[in-house]
Each structure stands twice: as C-alpha cells, then as structure tokens.
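Asker: pasting the structure only:
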DNA sequence: AAAAACTGACGGAATATTCCGTCAGTTTTT
DNA sequence: AAAAACTGACGGAATATTCCGTCAGTTTTT
C-alpha cells in the first residue's frame, strides 16, 4: 500500500521535475509517508525508478492484453493490439512520459528491461505468423515489433506535445501507416 | 575552447551516467578545466544540458545538409536527407543517445526546442511539395516529418542497443519502410 | 603592466541515509 | 477471554555525505 503510494508519487515527480530535481523527502511528502518508509521499501532513488518502470510495464501489458483473443485476421489482431497500446498511453500520459523518458536511461539495466518486456513477447508471435505468410518485409519478428513500437512512441510524444486531438479516424490512419511501413 | 571542452565532457557524462549522477566537479575534471571555469561559462547543470542540446542539433543539421542540393526526384531527396540523419547518428552514438534521452526532458523548454529545430524546417518544405503532388497520406507536412523522425529515432535506439549491424542495404530497406509508411 | 581568464580549496547549504522510539496489530500466556 | 508480550512498519529527528558556488591566488592574454 505505502509502497504503491511511493511509486505513484515518484512517477508524478520524476516526470514533471526530472530525476535530478526530485528528492527522497519530496517523494515521501507527495506520498504522504515518512522518509523512513521510503527507505524501508527501497534502497535508493534509482531503485524507485526501476520499480516504477517494472510496475508501469506490467500495468501497460495488463491493459493491452485485456480481452485479447487470437481470432480474426492477422491484420485485425495487429490493429487490436497496437490500438490498445496507443489508447493506454493516451489515457495515461504520465506513464507515457515516464516510459519515454527512461527508456534510454542508464539507470535501467538490461535485466530490468528483460523483466519488464517479457509480457510483450506475444507481439512477436503475431509478427512471426505474418512473416510465415509473407506479409511483411524480411526482418526478424523482434525487429519488426521494435520498429512499430518505436514509431508509435515517437508519434505519441509529438502528438501529446502538440495537443493534437486524436480521434478514432486519426488512430486508424496511423495504424494503417504502421502496417504499410512493414508490409512486403 | 574551454566552453567546448565542457560541453563535450558533459555530453559524455550525462549519457553514460545520467543527469542526476553527474556533478559539476566531474564535468570540470573530465573537461580538464577548473570548477570555476564551468561556472564562468554556465550558470547551472541545466544550462549545460540546454547548451549541449543546441550544439548537438547544430552539428547534426550541419552534417545532414552538407552537400544537399535540391535536385533529383522528391523521393531521391527524401532518401538523401534521411539517410544523412541516420548516418550522422550511427557515426555519433553519444550524440544520438543524448538526443534521444533528453528529447522529452522537462529541462528543455519549448523555446530551446524551437531554436534547435529551426534548421530542420527545410524538411517540411520537402513534405509540403510531396503533399502538393499527392504523394503522401493527408496529414500536415509537419506531422509527416515528425512521424518519419520518430520512426528513425526509435529504430536507431533499438538497432544500436542490439548492436544490429547496419549496412547500406539495411538502411535502404529501412528508408523504403519510412517512405511506404507515409505514401498515399 | 593591466585586464581577463582560470584554478581548485573551502564553507555551508542541500540532500541522503540512519537510527530509534512509538504504536497498531498479532501472538502467546495466564 | 483477558492480560501480557511480541512484532515490525512507521515517522521524523539526528547524522552523514554530497555537491554547489565563491573567491583569493595564479596564469594567460592583450
């Protein structure tokens, strides 16, 4: 419970102020928790960041795969999953900012990334299937997934930045662009 | 001169250690410069980051637009410019990491971004031309540019991370994906 | 030789981290 | 079933540590 509060507070503060500007005391205050409690739960500021990352990816994957059924055409499944990713981030701007900002941070080790990304391997199965059917350009499933993911990330960053208003049609067009970019 | 050394040192340290872990004293040491000299040139760590950003974007645009002539087909020009962007980042991994890591940082204000991005407006002219010729999907030139840029950024991040070896053919294929994604 | 630039030791403010008394909740004893 | 003993999460004051930014003395430039 307290742990949750701390992670939530950290998320908010890190995104709005940047890692270097946030003190443990601030996090404790924002979380309505004593400083000692922060240290009881985490060893350092860096560990808090790592745990926020893991928690965020878990919440993201829960959202994305909720109600996901392997049915319909491959293209439909592609659209379903990536649309969920997009909607998750649109509905969780703090989480998006955090995700983007720390993706390349030296604080997150390879191990942390491995753990956090595990759930998203299902995407690769989809891409592998597409490759079997010669739907995609000749890259590995992993690379294709990374490509689409990067594209979405980058696009969302600017979209949010510009307060672009994003309706269903915009999302559909964008998904089409993602599909077209990897189509054989 | 000293200023340059400081910016270079900062770039390296920020990328490898992360903003919060780098002290002014460390930067001074890495730059072979006294602490006072850092303060003579910059007011704060944040200002150093901002100036590195501006300097990096300037060096990037110089590289990209060197030898650029508005000739050949629009598709050729598209390929020329984006290939230059890709090659710049491949040859300057530190700069790439920095660029990626701080793109969404709260330290960089809208103004800083405006200044730094000025040189890249030439891209928009290209996209505008393409729109006139109905080559692209119906978005604004700016959004199309941001889309391609995001795609490239994301792709490079993962490519470098995986130490993917990137030869001319890979780049050509990737550029094709970028083109296809926005083609009408 | 005057001005400008530089250096890095130093003081102190800011921050991280520890430490320990409290107390709500749980288990054991009577 | 009431009382006593125990547990360990918690808060925040105390302490340790880091880091900033200044300034007196030095070097370099003009």
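Answerer: That came through, no problem. All values reported here derive from a predicted model rather than from experimental measurement. Numbers count the residues shown, from 1 in each chain, chains lettered A, B, ... in the order given.
Asker: separation between the nearest residue to residue A:116 once chain neighbours are set aside and chain B?
Answerer: In this structure, residue A:116 finds its nearest non-sequential neighbour in residue A:57, 3.8 Å apart by CB to CB, 6 or more residues apart in numbering or on different chains. Every C-beta, even on glycine, is put in place using the N, C-alpha and C of the backbone. Residue A:57 sits 16 Å away from chain B, taking CB to the nearest CB, to the nearest Å as the criterion.
Asker: Doesn't residue A:57 belong to a helix?
Answerer: Yes. Per DSSP: H, G, I helix; E, B strand; the rest coil, residue A:57 lies within a helix segment.
Asker: Show residues contacting the helix or strand containing residue A:36.
Answerer: Residue A:36 is part of helix A:35-41 when elements are defined by DSSP states H and E. Contacts with helix A:35-41, where a contact means CB atoms under 8 Å, 6 or more residues apart in numbering or on different chains, come from A:2, A:3, A:6, A:24, A:25, A:27, A:28, A:31, A:48.
Asker: what do you get if the cut-off is 10 Å, keeping everything else the same?
Answerer: Contact with helix A:35-41 is made by A:2-7, A:9-10, A:23-25, A:27-29, A:31, A:33-34, A:44-45, A:47-48, A:51, as judged by CB atoms under 10 Å, 6 or more residues apart in numbering or on different chains.
Asker: Just the buried residues of those residues.
Answerer: Among the contacts of helix A:35-41, those buried by neighbour count (16 or more other CB atoms under 10 Å in any protein chain shown) are A:3, A:5-7, A:9-10, A:24, A:27-28, A:31, A:33, A:45, A:48, A:51.
Asker: for the residues you listed, which one is nearest residue A:150?
Answerer: residue A:51 (24.4 Å; CB to CB).
Asker: My read is that residue A:159 contacts residue A:90, right?
Answerer: Yes. Between residue A:159 and residue A:90 there is a contact at 8.5 Å, judged by CB atoms under 10 Å.
Asker: what about those two, which has more around it?
Answerer: The neighbour count for residue A:159 versus residue A:90, taken as other CB atoms under 10 Å in any protein chain shown, is higher for residue A:159 (22 against 14).
Asker: overlap in contacts of residue A:159 and residue A:90?
Answerer: Shared contacts of residue A:159 and residue A:90 (CB under 10 Å, 6+ apart): residue A:166.
Asker: Mind giving me the packing neighbours of the worst-scoring helix or strand of chain A on mean pLDDT?
Answerer: Lowest by mean pLDDT, DSSP states H and E among the helices and strands of chain A is helix A:141-161, with a mean of 87. Contact here means 3 or more CB pairs under 10 Å, 6 or more residues apart in numbering or on different chains; DSSP states H and E; on that basis helix A:141-161 packs against helix A:74-91, helix A:93-102, helix A:121-132, helix A:168-182, helix B:141-161, helix B:168-182.
Asker: if you set the cut-off to 8 Å instead, what comes out?
Answerer: Counting by 3 or more CB pairs under 8 Å, 6 or more residues apart in numbering or on different chains; DSSP states H and E, the packing neighbours recorded for helix A:141-161 are helix A:74-91, helix A:93-102, helix A:121-132, helix A:168-182, helix B:141-161.
Asker: Next, residue A:104: secondary structure please.
Answerer: Reduced to three states by three-state DSSP, residue A:104 is coil.
Asker: How about the residues of chain A by chain B?
Answerer: A:15-20, A:45, A:97, A:100-101, A:103-107, A:137, A:139, A:143, A:146-147, A:149-151, A:153-155, A:157-158, A:164, A:173, A:176-178, A:180-183 (CB under 8 Å from any CB of the partner chain).
Asker: picking that back up, show me the one of the helices and strands packed on helix A:141-161 that comes nearest DNA strand C.
Answerer: Minimum separation from DNA strand C across the helices and strands packed on helix A:141-161 (CB to the nearest atom of the strand) falls at helix A:93-102, 16.8 Å.
Asker: what's the offset of that closest one from the middle of its chain?
Answerer: The chain centre lies 7 Å from the centre of helix A:93-102; the measure is CA atoms, centre = their mean, to the nearest Å.
Asker: just the angle between that helix and helix A:141-161, please?
Answerer: 120 degrees (axes from the mean of the first three to the mean of the last three CA atoms, to 10 degrees).
Asker: Do me a favour and average the pLDDT over helix A:93-102.
Answerer: Helix A:93-102 comes out with an average pLDDT of 93.
Asker: Does anything pack onto that helix? Which helices or strands?
Answerer: Judged by 3+ CB pairs under 8 Å, 6+ apart, helix A:93-102 is in contact with helix A:2-17, helix A:45-65, helix A:74-91, helix A:141-161.
Asker: Just name the most buried of those.
Answerer: Mean neighbour count (mean count of other CB atoms under 10 Å in any protein chain shown) peaks for helix A:141-161 among the helices and strands packed on helix A:93-102, with a mean of 21.
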